[in-house]
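Chemist: here you go, sequence then predicted model.
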Protein chains: 2
Amino acid sequence: MRPTVHDIAAEAGVSLATVDRVLNNRPGVRSVTRDKVERAIATLGYVRDVAAANLAKSRSYPLIFILPEGENAFMRGLEAEIEAAIARSAVERTEITILSVPAFDAAALAAALDDARRRTPAGVAVVAVEAPEVVAAVGRLREDGIAVVTLVSDLTGSERDHFAGVDNIAAGRTAGSLMRRFLGGRDGPVAIVAGSMLVRDHRDRLEGFSTAVNEGAAKRHLLPVVEGHDDPTEVETLVRDLLAAHADLAGIYSLGAGNRGLIAALEEAGRQSEICAIAHELTPYSRAALVSGTIDALLNQDAGHEVRSAIRVLKARADGLSMIEAQERIRIDIFLKDNLPVEPA
Amino acid sequence: MRPTVHDIAAEAGVSLATVDRVLNNRPGVRSVTRDKVERAIATLGYVRDVAAANLAKSRSYPLIFILPEGENAFMRGLEAEIEAAIARSAVERTEITILSVPAFDAAALAAALDDARRRTPAGVAVVAVEAPEVVAAVGRLREDGIAVVTLVSDLTGSERDHFAGVDNIAAGRTAGSLMRRFLGGRDGPVAIVAGSMLVRDHRDRLEGFSTAVNEGAAKRHLLPVVEGHDDPTEVETLVRDLLAAHADLAGIYSLGAGNRGLIAALEEAGRQSEICAIAHELTPYSRAALVSGTIDALLNQDAGHEVRSAIRVLKARADGLSMIEAQERIRIDIFLKDNLPVEPA
DNA sequence: GAATTTTTGATGTACGTAAATCAAAAATGC
DNA sequence: GCATTTTTGATTTACGTACATCAAAAATTC
């Protein structure tokens, strides 16, 4: 039988009230007595029953998620996962609010973070845009003792408690390595389409890709990066131009969103089979393109895992508890058409 | 504020005792009354507070894990993850016991399952070996109302509640597809080393690999499958023989364990760079081989996720609750040297 | 050593549910 | 319409912790 506060009281030879004072470090306990109690805790191996404690406290966790607006399929998928978490909130004692902000807009994001702060939540999860005012806003949250987790895109130099997302340098490296091996000895340049160099994850992916694609002997020519702002229409135009300008194009790496545009342009040109396309994020569109062969490989981060992980970490941080490190590491999924998970994805 | 049993009683115009009778379906309630209560539950959107319920019941979950003995690095890693779960058992209200059985021994496994049954646990997780007596033993557990989850290797035709493992056909397909693309136009046969055709996961991987490696135009010659029984020494001998017999060997797919033997044989022959090697499971040995280039790609299943998933499912089943399907899908990780997680693995 | 402050004990209530008992009320059989 | 059975209500205790209050004891100050 697992020891309780009563057992500690008996073991230490003090009253329940004193044990309580030590456990919840309330004032009014001599250090001698405190030591006695702490020794009893150690010898009995007492662990606080979190469920019972939360019940007694009728604890709940008000959390705020901040994400970009727009028709970015990955972000909408993320939002759906947050909605799913909201549906579970009764069981998980969470009260989740979603705030939407314009994409790639540092000022708006900073304002949203300050808005969140005014609501005094237990924690905030945010898809970051890298800018000094955002770093400052995160700092203010942390000063108020509010836990902060960056989601999907990290924030350099900030005081965030944790980053719930993938190692994007490694993701880029993986894409580069696959591109290199899939192309084999084939000639021709490789194009890179990004969303915006303002977000950390895109910069990181680019860095990783550039180094890995040119590892080893043969050097591959990389065309200058173009930015599509995660917008399908814009991306389609960009890719169409790239295809027109480079008849010998060997590969395309799309490291942001807006893959519908990429797919449309490739299929319109009828050059799906000759061009090796590697993209990010599994969506209904990209999934279909992977099955049909327009896209050769997809790198993916599981939005559901990221959301659930962010919630776990925020709750743990709010209680000052530690987390299972390995459980919170978000992995980079590599999808070929052979290992696609069952629909819908 | 979330509704409680008291709110249901008030809403339905019955007493607390009656609500309790309905919720825990105890006898002695007229169906008219039962309906009234159920309607109140529905309109209020009541969800039982599992933490409070478990507290009141002082519930705990005695679970038994059954795994093969031997120096199979993956299985030892799995065991380590179970030990980690045992360390968390105070918090998670579990009481986990590990039973070890000889590998690939159906009779011993069936005996262990019956042993487990005698201990009347809430659930059993088992690394299955496919055999009628094992299926029967699992059936007996289920008859006693004990939840059963197969771990890593599934059991065809059994009554198990859930399989906590990867889709091994898809894993094999993925390996085959990578082999095909990595080899490109290169000639030469491909060898396949399995552990034993007695376990479902190995058979499935073989099936997937065989179809995918030969997709498309060029046909690749596959050498007959050899069985190394997941034993490093045995595997080393087998691979050494293969290398000697086939000077033009283009690739090796190792779909079981014992990769230390594979690595040793390849490095001894000095043919690491010319042979494309794809193997399963990230261990310290295989990790080093991936970094050095002896192995080209590793497919992996995260043992920690499998163990935690198995525990979640067993607990949920024991309580008759449902699970988050997506959360319990174990993914096939593809590791290149570019996307290796940080040490230790 | 008396007055004061600090520390400790004793006790009760609460959180939301489970489970039991006994009495009261309602439904049923004949 | 009486006896019997079934259903319902009222109430209590318990799970392990949090938190508050008031009294008692011990330590401190001067």
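Modeler: Received, thanks. Numbers count the residues shown, from 1 in each chain, chains lettered A, B, ... in the order given.

Chemist: for the rest of this, base every contact and every neighbour count on C-alpha atoms.
Modeler: Will do.

Chemist: after the host helix or strand of residue A:82, which helix or strand is next?
Modeler: Using DSSP states H and E, residue A:82 maps to helix A:73-87. Sequence-wise, the next helix or strand downstream of helix A:73-87 (DSSP H and E) is helix A:89-92.

Chemist: and that following helix with DNA strand C, contact?
Modeler: No: for helix A:89-92, no contact with DNA strand C is found by CA under 7 Å from any atom of the strand; the gap never falls below 9.8 Å.

Chemist: tell me how far that helix is from the chain's mean position?
Modeler: Taking CA atoms, centre = their mean, to the nearest Å, one finds the center of helix A:89-92 at 22 Å from the center of the full chain.

Chemist: and that helix, what's buried?
Modeler: A:90, A:92 (16 or more other CA atoms under 10 Å in any protein chain shown).

Chemist: touching chain B at all, it?
Modeler: Yes: using CA under 8 Å from any CA of the partner chain, helix A:89-92 reaches chain B at A:90-91.

Chemist: give the rounded mean pLDDT of that helix.
Modeler: The average pLDDT for helix A:89-92 rounds to 80.

Chemist: neighbouring contacts of that helix?
Modeler: A:95-96, B:2, B:47, B:49-50 (CA atoms under 8 Å, 6 or more residues apart in numbering or on different chains).

Chemist: buried ones among these?
Modeler: Buried, going by 16+ other CA under 10 Å: A:95-96, B:49, out of these.

Chemist: in strands, which of these appear?
Modeler: Cross-referencing the buried ones among the contacts of helix A:89-92 against strands under DSSP state E gives A:95-96.

Chemist: between the buried ones among the contacts of helix A:89-92, which sits nearest DNA strand C?
Modeler: For these, the minimum distance to DNA strand C (CA to the nearest atom of the strand) is 4.2 Å, reached by residue B:49.

Chemist: per-residue pLDDT, that closest one?
Modeler: For residue B:49, the model assigns a pLDDT of 91.

Chemist: which one is it nearest to, not counting chain neighbours?
Modeler: residue A:91 (6.7 Å; CA to CA, 6 or more residues apart in numbering or on different chains).

Chemist: and the closest residue to residue A:134 other than its chain neighbours, what is it in contact with?
Modeler: Spatially, and ignoring its direct neighbours in sequence, residue A:134 is nearest to residue A:110 (4.8 Å; CA to CA, 6+ apart). Residue A:110 is in contact with A:133-134, A:137, counting by CA under 8 Å, 6+ apart.

Chemist: now swap in residue A:29 and tell me
Modeler: With CA under 8 Å, 6+ apart, residue A:29 has these contacts: A:18, A:21-22.

Chemist: so can I have CSV of those showing distance to chain B?
Modeler: Listed next are the contacts of residue A:29 as CSV, based on distance: CA to the nearest CA, whole Å:
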residue, distance to chain B
A:18, 23
A:21, 22
A:22, 20
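
Chemist: can you turn the buried part of these into a PyMOL selection?
Modeler: The buried residues among the contacts of residue A:29 can be selected in PyMOL (16+ other CA under 10 Å) with this line:
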select buried, chain A and resi 18+22
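
Chemist: export the contacts of residue A:29 to a markdown table and tack on pLDDT and secondary structure?
Modeler: Formatted as a markdown table, these follow (pLDDT from 0 to 100; DSSP: H, G, I helix; E, B strand; the rest coil):
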| residue | pLDDT | secondary structure |
| --- | --- | --- |
| A:18 | 94 | helix |
| A:21 | 94 | helix |
| A:22 | 94 | helix |
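
Chemist: near DNA strand C, from the contacts of residue A:29?
Modeler: Among these, DNA strand C is touched by residue A:18 when using CA under 7 Å from any atom of the strand.

Chemist: all helices of chain A, in order?
Modeler: Ranges of helices within chain A are A:5-12, A:16-23, A:31-44, A:50-57, A:73-87, A:89-92, A:106-118, A:132-143, A:168-183, A:200-213, A:232-245, A:259-269, A:284-292, A:303-318, based on DSSP state H.

Chemist: of all these, which lies closest to residue B:237?
Modeler: Closest approach to residue B:237 among the helices of chain A (CA to CA): helix A:168-183, 30.2 Å.

Chemist: show me what the closest one is packed up against.
Modeler: helix A:200-213, strand A:251-254, strand A:276-280, helix B:168-183 (3 or more CA pairs under 8 Å, 6 or more residues apart in numbering or on different chains; DSSP states H and E).

Chemist: hmm, the shortest one in reach of chain B?
Modeler: So the one you mean is strand A:251-254. No: Strand A:251-254 stays clear of chain B (CA under 8 Å from any CA), getting no nearer than 15.0 Å.

Chemist: so what does that strand touch, helix or strand wise?
Modeler: Going by 3+ CA pairs under 8 Å, 6+ apart, strand A:251-254 lies up against helix A:168-183, strand A:190-194, strand A:276-280.

Chemist: now these in JSON lines, with mean pLDDT, distance to DNA strand D and mean neighbour count?
Modeler: JSON lines is the format used below for the helices and strands packed on strand A:251-254 (pLDDT from 0 to 100; distance: least, CA to the nearest atom of the strand, whole Å; neighbours: other CA atoms under 10 Å in any protein chain shown):
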{"stretch": "helix A:168-183", "mean pLDDT": "95", "distance to DNA strand D": "39", "mean neighbour count": "24"}
{"stretch": "strand A:190-194", "mean pLDDT": "97", "distance to DNA strand D": "49", "mean neighbour count": "24"}
{"stretch": "strand A:276-280", "mean pLDDT": "97", "distance to DNA strand D": "44", "mean neighbour count": "24"}
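
Chemist: which of these sits closest to residue A:210?
Modeler: The nearest among the helices and strands packed on strand A:251-254, by CA to CA, is helix A:168-183 at 6.8 Å.

Chemist: switch the helices and strands packed on strand A:251-254 over to TSV; also include distance to residue B:152.
Modeler: Converted to TSV, the helices and strands packed on strand A:251-254 look like this (distance: least, CA to CA, whole Å):
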stretch	distance to residue B:152
helix A:168-183	27
strand A:190-194	39
strand A:276-280	29
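
Chemist: what sits against the closest residue in space to residue A:44 that isn't next to it in sequence?
Modeler: Nearest residue to residue A:44, sequence neighbours excluded (CA to CA, 6+ apart): residue A:3, at 6.7 Å. Residues near residue A:3 by CA under 8 Å, 6+ apart: A:44-47.

Chemist: farthest pair in those?
Modeler: Between any two of those, the greatest separation by CA to CA is 9.1 Å, found for A:44 and A:47.

Chemist: for burial, what's the neighbour tally of residue A:115?
Modeler: 13 (other CA atoms under 10 Å in any protein chain shown).

Chemist: in chain A, what helix or strand scores lowest on average pLDDT?
Modeler: helix A:89-92 (a mean of 80; mean pLDDT, DSSP states H and E).

Chemist: so of the helices of chain A, which one's packed in deepest?
Modeler: helix A:168-183 (a mean of 24; mean count of other CA atoms under 10 Å in any protein chain shown).

Chemist: low-confidence regions, chain A specifically.
Modeler: Chain A contains residues with pLDDT under 70 at A:343-345.

Chemist: how about a cut-off of 50?
Modeler: Residues of chain A that meet the criterion pLDDT under 50 lie in A:345.

Chemist: which residues of it lie near chain B?
Modeler: So chain A meets chain B at A:2, A:47, A:49-52, A:55, A:90-91, A:170-171, A:173-174, A:177, A:181-182, A:184, A:212, A:304-305, A:326-327, A:332-334, A:336, A:338-339 (CA under 8 Å from any CA).

Chemist: residues near residue A:221, how many?
Modeler: By other CA under 10 Å, neighbour count at residue A:221 equals 14.

Chemist: how many other residues sit next to the spatially closest residue to it that is not a sequence neighbour?
Modeler: Using CA to CA, 6+ apart and skipping residues adjacent in sequence, the residue nearest residue A:221 is residue A:189, 4.7 Å away. Residues lying near residue A:189 (other CA under 10 Å) number 17.
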